[in-house]
Each structure stands twice: as structure tokens, then as C-alpha cells.
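S.K.: Curious how this folds, go ahead:
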Amino acid sequence: MAHHLFDVRESATHGLVAQQLRDLADQFAAGSVELSYDDWQGAVEVTDPVNVVVDLKKSGHQMDLVIHLTWATHGVAG
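M.R.: Numbers count the residues shown, from 1 in each chain. I've put the predicted structure just below:
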């Protein structure tokens, strides 16, 4: 059974989004992703192997880029 842990939605400049993705990538490379928003904060260990799907779609005048990453958890409470 899946447990929803974190979700944030915002509109920002492509430069700010790029910086946020770089920061997230640095955390991912270090082996732990720490996300926080308002009162919620949590660190999640990243284990190998990581499965990745990159999906780019165009619908009318809108582009949709989805990056889906999955990996096994080891003792993460949820």
C-alpha cells in the first residue's frame, strides 16, 4: 500500500526551477533526498538500483515533462 509523503506545486521561472532541480540532483547523488514544506520535513535514503522513466509530451500549446524515479526502500517508515 502506498503512503503519500510529499507534494508541492508552484509556478516559477525556468531558471528557478532549474536551480531547484540541480539542488535535488545534488542531494540524490549524495544518497539522501530531504524535502520540506511548511511543517513537514523528511529525509529519504536513495538506494541502488534506481529505475528512471523520462516522458515528454506535447498537447496543443503545452509541454509536459515527467521524470519518474523508483528505488527500493530499506526500513523507511511510512
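S.K.: now whichever strand or helix holds A29, how far from the centre of its chain.
M.R.: Per DSSP states H and E: A29 is located in helix 14-30. Centroid displacement of helix 14-30 relative to its chain, using Cα atoms, centre = their mean, to the nearest Å, is 10 Å.
S.K.: dump the residue contacts of A43.
M.R.: A43 makes contacts with 32-34, as judged by Cβ atoms under 8 Å, 6 or more residues apart in numbering. Any C-beta I mention is one placed from the backbone N, CA and C, and that applies to glycine too.
S.K.: so it is in which element?
M.R.: According to DSSP H and E, A43 maps onto strand 40-45.
S.K.: Could you name the helices and strands sitting against the helix or strand that that strand is followed by?
M.R.: Downstream of strand 40-45, the next assigned helix or strand under DSSP H and E is strand 51-59. Judged by 3 or more Cβ pairs under 8 Å, 6 or more residues apart in numbering; DSSP states H and E, strand 51-59 is in contact with strand 62-70.
S.K.: the inter-axis angle of the strand it packs on versus helix 14-30?
M.R.: With axes from the mean of the first three to the mean of the last three Cα atoms, to 10 degrees applied, the angle from strand 62-70 to helix 14-30 works out at 10 degrees.
S.K.: Can you give me the buried ones in the helix or strand of the chain with the lowest mean pLDDT?
M.R.: Lowest on mean pLDDT, DSSP states H and E among the helices and strands of the chain sits strand 40-45, with a mean of 82. Judged by neighbour count (16 or more other Cβ atoms under 10 Å), strand 40-45 contains these buried residues: V44.
S.K.: Fine, thanks again, bye for now.
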